[in-house]
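Peer 1: starting from these lines, generate the structure:
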Amino acid sequence: MTNELNDRISKTEGRFALRTSSREENMRRLSTAGPLAADSPFRAAARATRLGQSIARGIGEGGAARELAELGLERILGNSDLMSVSFLEGGFLAARSVSRIKLRSAGGTVLGYGTGFLISSRILMTNHHVLGSAEQAGSSTAEFDFRDSARGRSLLSSEFRLRPDLFFLTDSSFDCTLVGIADAAMDGTGSLASFGWNRLIPGEGKVAVGEKLNIIQHPGGQPQQVALRANELRDVLDNYLHYSTDTAPGSSGSPVFNDQWEVLALHHSGVPKRDSAGRILADDGTVWREAMGEHRINWISNEGVRISKILGWLAGQPIKDNWLDLRNEILASPVPSVEALQHTNSTTAMIPNNSTTFTIPLQITVSLGAASGAVANVQETPAAVPRASVDGLPPHADMTLALTRLREHETDTYFDEASDAVDVESYYRGVVWSQAPEDLFNTLSGLLKESHHTKPRYKPAIELYPWIDLHPDRKIRSIYSDEAHAPDEFIRKDLEVDVARGARISEKMSSESFSSADLQDELALVEAALPYNCEHSVPQSTFGKQEPMRGDLHHLFACESECNSFRGNIPYFDFDAAEEVVREKCGRRESDKFDPAAGHGAVARATLYFLLRYPGLIGDRSAELPASRLPVLLRWHRDNPPGAYEKHRNQTIFAKQGNRNPLIDFPEIAEKVAFQRGFGSF
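Peer 2: From the prediction side, this is the model:
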């Protein structure tokens, strides 16, 4: 047995032995005095409260309060095996975020396997003893959908490279590693966003002693398996949970869930069964040998590291500046209150009026009667969901995150010219500027695509407004009117768009005369009535609202809703001053021509960037941007050179996405690039 494995098992056995009397007392109280007696009064109350039971009078009074709490805990503590069918759906969604880790050598040889799971849009969690160094992680991969279908056939899995350069933290005491992961599969066919992720919740109330637990895992590198309600929580230590089983141990790096599919612990070790000679026994009764793999050990108890403790450790770690956003995404969600138990971006979320919320990507609330069964807490899609609550419920996590980012940047240098010069020199190293215009287009297009390593989700209130789109006076300015707005107000109002949208959908869905056409009309009215929006210099209709184009920060700008609507998807045009056209503060417009009142240079360079980054997506037709309008863009670019605002944007987007807009870095190259190659043909 390796020293590392022996040390891990020895420490777990030591903790298990020290807690023998406490564990036995827990089980005695559970069997003789009921579910509330097995755990501490505080933890029992927190668990019952989290499940929506009101025991505000305190469990110490007994009587009605005690009966009410016991009723709420009866099912989760195993006195009833009846579960809502939604429990299975929640488990399936949770399973999609769990991957088989392939441990590879620098040369690509598979050395072993582990389990890991996504805890944010770009971060995977596993054990330190699975991935103990950035070097090891850099050569390893995570494989999702490595499982059998309902018909017993193997699915086509998707394998992703791990990205320790994007994020990497590890700790041997918590046996925990957090590592970045690529957002596209190695074969280019899969997107990480499609597998969802698990919001980690730091507070008490997720589990009580005696409750059944669920573990999703890849034991020994096998296709995905689940230990479904086969483990029972026996003891709660400061940093660990102990859960006992006879048949279904966990695998290293597996997430441990409650029946609501909230992550409780990171499974990492256990207590093995030993023979009279002290030798570890395998699951078939023979003496275990290391060549069998840890999953073949006959574990008599499992141990997982508590998620709340891992989050506390993570919050206290010194973090590189370019890792802060990813770290904060993990920590962003506060403990959901009983009054509003909702989960950011969740596929399903529990809310207090016995309703269930589905994101598809619109939020629809459907009354289901008495709440029971499982609620998935899995991030399935980056689609828009309400960011703040309706009817007096507290603001959602995105509001907190956006305003926190705004405050964090208050003292940051707006534009670091010296640092940017170094980045520019390094980024364009190898570009031959004297090559033919067609070749220069191809060179820059390839550079922009290859270096676009991080593709933010379309969440302008979080990604754009708190820092990237601020002007030197730290205000947000509408791109077409140039009117200034306080950024905190802009963020709050923008996020309220989704709240109003969700409320209007609920109202229309409950109407007997509901139709999808009416709903779309209603949503258009909602957005038109709200003051702010986000403008794509290349309209979303051009690329069907698909990523990464939709979230590419280089062509996103803050905008007032009235200006956004005034432009619509009309391509840019340069009117003569005397021409009679429709005029507003946002600019001038005809049926297929739009000339903004402000922002000419910025939107021109953003559109030229789009031609370079996504050649062929803009069609040569009047409904989009015909190639005949290219001279307009080049003229706006020449007459309105980039200033501090665009240089700041370019520097901060480069730090976020990895690519740059060469029209901002080298304005003089515009006439040397064959931008016509960026237009598609129809």
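Peer 1: can we go C-alpha only for contacts and neighbour counts from here?
Peer 2: Will do.
Peer 1: got the buried residues for stretch 533-550?
Peer 2: For stretch 533-550, a neighbour-count test (16 or more other Cα atoms under 10 Å) marks Asn533, Cys534, Glu535, His536, Ser537, Val538, Pro539, Thr542, Phe543, Pro548, Met549, Arg550 as buried.
Peer 1: could you do stretch 144-163 as well?
Peer 2: Neighbour counts over stretch 144-163 (16+ other Cα under 10 Å) mark Phe144, Asp145, Phe146, Arg147, Ser158, Glu159, Phe160, Arg161, Leu162, Arg163 as buried.
Peer 1: excluding chain neighbours, what is closest to the first one?
Peer 2: Once its chain neighbours are removed from consideration, Phe144 has its nearest residue in Ser99; the separation is 4.6 Å (Cα to Cα, 6 or more residues apart in numbering).
Peer 1: wait, that neighbour sits on Phe117?
Peer 2: Yes. Between Ser99 and Phe117 a contact is recorded at 5.8 Å, counting by Cα atoms under 8 Å.
Peer 1: neighbour count for these two, which is higher?
Peer 2: Ser99 (34 against 29; other Cα atoms under 10 Å).
Peer 1: farthest pair in the buried residues of stretch 144-163?
Peer 2: Taking every pair in the buried residues of stretch 144-163 and measuring Cα to Cα, the maximum separation is 23.7 Å, between Arg147 and Arg163.
Peer 1: now the terminal residues of stretch 448-466, how far apart.
Peer 2: Using Cα to Cα, to the nearest Å, the end-to-end distance of stretch 448-466 comes to 24 Å.
Peer 1: could you give me the buried positions within that stretch?
Peer 2: So stretch 448-466, judged by 16+ other Cα under 10 Å, has buried residues 448, 452-466.
Peer 1: between those, which is nearest Ile310?
Peer 2: Ile462 (24.7 Å).
Peer 1: tell me the strands beside the lengthiest strand in the chain, with direction?
Peer 2: Assignment by DSSP state E gives strand 158-171 as the longest strand of the chain. According to DSSP bridges, strand 158-171 forms sheet pairs with strand 141-144 (antiparallel), strand 176-181 (antiparallel).
Peer 1: phi first, then psi, for the nearest residue to Tyr480 once chain neighbours are set aside.
Peer 2: Nearest residue to Tyr480, sequence neighbours excluded (Cα to Cα, 6+ apart): Ala598, at 4.7 Å. The phi/psi pair for Ala598 (degrees, to the nearest 10) reads phi -150, psi 170.
Peer 1: would you map the helices across the stretch 351-500 of the chain?
Peer 2: In the stretch 351-500 of the chain, the helices defined using DSSP state H, counting those that start in this stretch lie at 397-408, 417-427, 437-450, 460-463, 487-509.
Peer 1: now do the third one and helix 417-427, the angle between them.
Peer 2: Here helix 437-450 points in a direction 110 degrees away from that of helix 417-427 (axes from the mean of the first three to the mean of the last three Cα atoms, to 10 degrees).
Peer 1: buried sites along helix 437-450?
Peer 2: Quick answer for helix 437-450 (16+ other Cα under 10 Å): Pro437, Leu440, Phe441, Asn442, Thr443, Leu444, Ser445, Leu447, Leu448.
Peer 1: ok so, going back, what does the longest strand of the chain contact?
Peer 2: Here strand 158-171 makes contact (Cα atoms under 8 Å, 6 or more residues apart in numbering) with 123, 128, 132-135, 137-146, 176-187, 190, 192, 323, 326.
Peer 1: over to stretch 289-303?
Peer 2: By Cα under 8 Å, 6+ apart, stretch 289-303 touches 1, 12, 219-220, 240-246, 249-251, 267-273, 280-285, 288.
Peer 1: what about that stretch, average pLDDT?
Peer 2: Stretch 289-303 shows a mean pLDDT of 84.
Peer 1: could you tell me the end-to-end distance of that stretch?
Peer 2: End to end - Cα to Cα - stretch 289-303 spans 21 Å.
Peer 1: ok now that stretch, how far from the chain's centre?
Peer 2: Here the centre of stretch 289-303 is set off from its chain's centre by 33 Å, with Cα atoms, centre = their mean, to the nearest Å.
Peer 1: just the buried residues of that stretch, please?
Peer 2: Glu294, His295, Arg296, Ile297, Asn298, Trp299, Ile300, Ser301, Asn302, Glu303.
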